[in-house]
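**Q** Here is a sequence with its predicted model. Questions after.
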Amino acid sequence: MPEERSLSIVLFSGTDDKLTSAATLIAGAVAMGTKVHVLVQFWALESFQADRIEKDHGAVAEAGAEGSAEIRKLREGGAHWSDTLRMAKDLGDLRIFACAQSMEMFSLAQNDLDPLIDGVEGAAAFMGDATGALLFI
Amino acid sequence: MPEERSLSIVLFSGTDDKLTSAATLIAGAVAMGTKVHVLVQFWALESFQADRIEKDHGAVAEAGAEGSAEIRKLREGGAHWSDTLRMAKDLGDLRIFACAQSMEMFSLAQNDLDPLIDGVEGAAAFMGDATGALLFI
Amino acid sequence: MPEERSLSIVLFSGTDDKLTSAATLIAGAVAMGTKVHVLVQFWALESFQADRIEKDHGAVAEAGAEGSAEIRKLREGGAHWSDTLRMAKDLGDLRIFACAQSMEMFSLAQNDLDPLIDGVEGAAAFMGDATGALLFI
C-alpha cells in the first residue's frame, strides 16, 4: 500500500458524461485509499442543485445526437453519477465543496444544493489545500 | 536529469484539436524522460477505433467553422496525432489503455481498437497507479 | 507554510467561463505561495491576442444561451479574467508563455499577444519543467 495520497479535483463541467467520468475516477481513487477533495463550480454546480441533480444534463457538444442518446441510456439504466459519489463517500475520504465564487455568481445558498455538498469553500483555500495531484474536469 | 517522473492522463475528449494537444504534451513528457500512462475513455475511445482513427474528428464547439477548418488543414498537412503517439512510444515509456467501463458502454472489443492501445484497464486500477501528476483532457 | 510548491497549467480553452475559472485558480494558488507556470495554446491563445483579449469570448456549449448571458454579465460587471491574471502577477510568481506550436499554427508573432504573455515556449520544455501538479483547462 502507498502512503496516504491526496487528489484535488475542480469540477467545472456539468454534463452527465463528464460527471460520470469524474465520479468513476473519484470512486476509483477513494477505493485505492486516496483522500479526495472536490471543488464544484460553474456548470457543475448547476447540476448539483437539489431539485435537478437526477435530471438530464446532456453531454458535451462533440457527443452529437447519437452519443447524447447513449449517455441518456446509461443514466437511466445503471448507477447515476450521484449514486457513485454517495457510495464513494461511504467507502473512504471524499469531501465535496461548492465554490464560493460560483455560489455568488448563480445566487445559490447551500440548501439549494444536494446533500452530497459538504460546505462552501473559496478557490484560494481549495488551492492552498491541494498538495497532491490536481484535476480539472 | 530529474529522477524518474510519472504522468497519468485521462483522455476523455475525442476531437482532433484536443488529441493533437494531448499527443504533443505526451511526446514532450516522454522526451524529457517522464513515464506516461494513458487511460482512453468516452469520446476519445471512439476516435481510437481502428477503422476511424485517421478520419475527421472535428474540433471543440468553441473553435467554430473557421477554427475547425484550421484543425482540418493541420491534420491533413502535418503529422497526425496518432503518428505523434506512435513516435512517442518508440522514444520512451508510454503505455495506453482503453477504459474498461467505456469499452462496455460502447460495446467494443480490443480488436476494434488501433494497435496504439496496449490493453484494457479499469478506472480504479488506473487511479491506483497514478502516483505522479494527473491530467484530464 | 508549505515548502515551495509548483503548479503547471496548460490553457487550451479560450471561452470566458473557463478563463475566469483558470484565472481564479491561478490567483488562489499564487496567493498561497505556489509558483505557477502557464502554457497558452490553441483557442486560449486566440483569446490572449492584444486586440481582442477584452472582447466577448463566449462560454462552453453546455452553458446555453442563459448561461452565456450570465458569463457576459459577469465579464461586464466585475473584474475581467485578464485583470485577475495581472493582479496575480503582481502578487507572486506567475509566468505565462505562448505555446510555440500554436503560434505557428495561427501564424502569430509575440507582439500580436497581450503583454501578459512573457514569451514563447515549446511543449517539451514546458513538460520538462512541470515537476509539480499539472492542470489542463
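**A** Done, it's in.
**Q** Check which residues of the helix or strand bottoming out on mean pLDDT in chain A are buried.
**A** The least trusted helix or strand in chain A, going by mean pLDDT, DSSP states H and E, turns out to be helix A:64-77, with a mean of 87. Residues A:Gly67, A:Ser68, A:Glu70, A:Ile71, A:Leu74, A:Arg75 are the ones in helix A:64-77 that count as buried (16 or more other CB atoms under 10 Å in any protein chain shown). Bear in mind the C-beta positions are built from the backbone N, C-alpha and C, glycine included.
**Q** could I get those as a markdown table with distance to chain C?
**A** Rendered in a markdown table, the data for these read as follows (distance: CB to the nearest CB, whole Å):
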| residue | distance to chain C |
| --- | --- |
| A:Gly67 | 13 |
| A:Ser68 | 11 |
| A:Glu70 | 17 |
| A:Ile71 | 12 |
| A:Leu74 | 17 |
| A:Arg75 | 15 |
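**Q** Who are the packing partners of the least confident helix or strand of chain A?
**A** helix A:16-31 (3 or more CB pairs under 8 Å, 6 or more residues apart in numbering or on different chains; DSSP states H and E).
**Q** Show the subsequent helix or strand relative to the helix it packs on.
**A** strand A:35-40 (DSSP states H and E).
**Q** what does that following strand rub up against?
**A** Here strand A:35-40 makes contact (CB atoms under 8 Å, 6 or more residues apart in numbering or on different chains) with A:4-11, A:26, A:29-30, A:48, A:88, A:92-99, A:102, A:117, A:121, A:123, A:126, A:129-130, A:132.
**Q** Give me the average confidence score over it.
**A** Predicted confidence along strand A:35-40 averages 98 (mean pLDDT).
**Q** Please name the strands paired to it in the sheet, noting orientation.
**A** Next to strand A:35-40 in the sheet, as set by DSSP bridges, lie strand A:6-11 (parallel), strand A:94-99 (parallel).
**Q** Does chain B have contacts with the next helix or strand after that strand?
**A** Going down the chain from strand A:35-40, the next helix or strand is helix A:42-47, by DSSP H and E. No. Judged by CB under 8 Å from any CB of the partner chain, helix A:42-47 makes no contact with chain B; its nearest approach is 13.0 Å.
**Q** on that earlier part again, which ChimeraX command selects the buried ones in the contacts of strand A:35-40?
**A** Per 16+ other CB under 10 Å, the buried members of these correspond to this ChimeraX selection:
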select /A:5,6,7,8,9,10,11,26,29,30,48,88,92,94,96,97,98,99,102,117,121,123,126,129,130,132
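**Q** Heading C-terminal from the least confident helix or strand of chain A, find the next helix or strand.
**A** With elements assigned by DSSP H and E, the helix or strand that comes after helix A:64-77 is helix A:81-91.
**Q** For that following helix, buried residues please.
**A** Applying 16+ other CB under 10 Å to helix A:81-91 flags A:Trp81, A:Ser82, A:Thr84, A:Leu85, A:Arg86, A:Ala88, A:Lys89 as buried.
**Q** Cross-check these against chain B and keep the overlap.
**A** By CB under 8 Å from any CB, no member of the buried residues of helix A:81-91 lies near chain B.
**Q** Any chance of JSON lines for these, columns distance to B:Ala22 and pLDDT?
**A** Output for these, formatted as JSON lines (distance: CB to CB, whole Å; pLDDT from 0 to 100):
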{"residue": "A:Trp81", "distance to B:Ala22": "24", "pLDDT": "96"}
{"residue": "A:Ser82", "distance to B:Ala22": "29", "pLDDT": "97"}
{"residue": "A:Thr84", "distance to B:Ala22": "25", "pLDDT": "96"}
{"residue": "A:Leu85", "distance to B:Ala22": "26", "pLDDT": "98"}
{"residue": "A:Arg86", "distance to B:Ala22": "31", "pLDDT": "97"}
{"residue": "A:Ala88", "distance to B:Ala22": "27", "pLDDT": "98"}
{"residue": "A:Lys89", "distance to B:Ala22": "31", "pLDDT": "98"}
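**Q** and which of these is nearest B:Glu62?
**A** Ranked by distance to B:Glu62 (CB to CB), the buried residues of helix A:81-91 are led by A:Trp81 at 24.5 Å.
**Q** Pull the contacting residues for the closest residue to the closest one other than its chain neighbours.
**A** Spatially, and ignoring its direct neighbours in sequence, A:Trp81 is nearest to A:Ala23 (3.9 Å; CB to CB, 6 or more residues apart in numbering or on different chains). Taking CB under 8 Å, 6+ apart, we find A:Ala23 in contact with A:Trp81, A:Ser82, A:Thr84, A:Leu85, A:Ala88.
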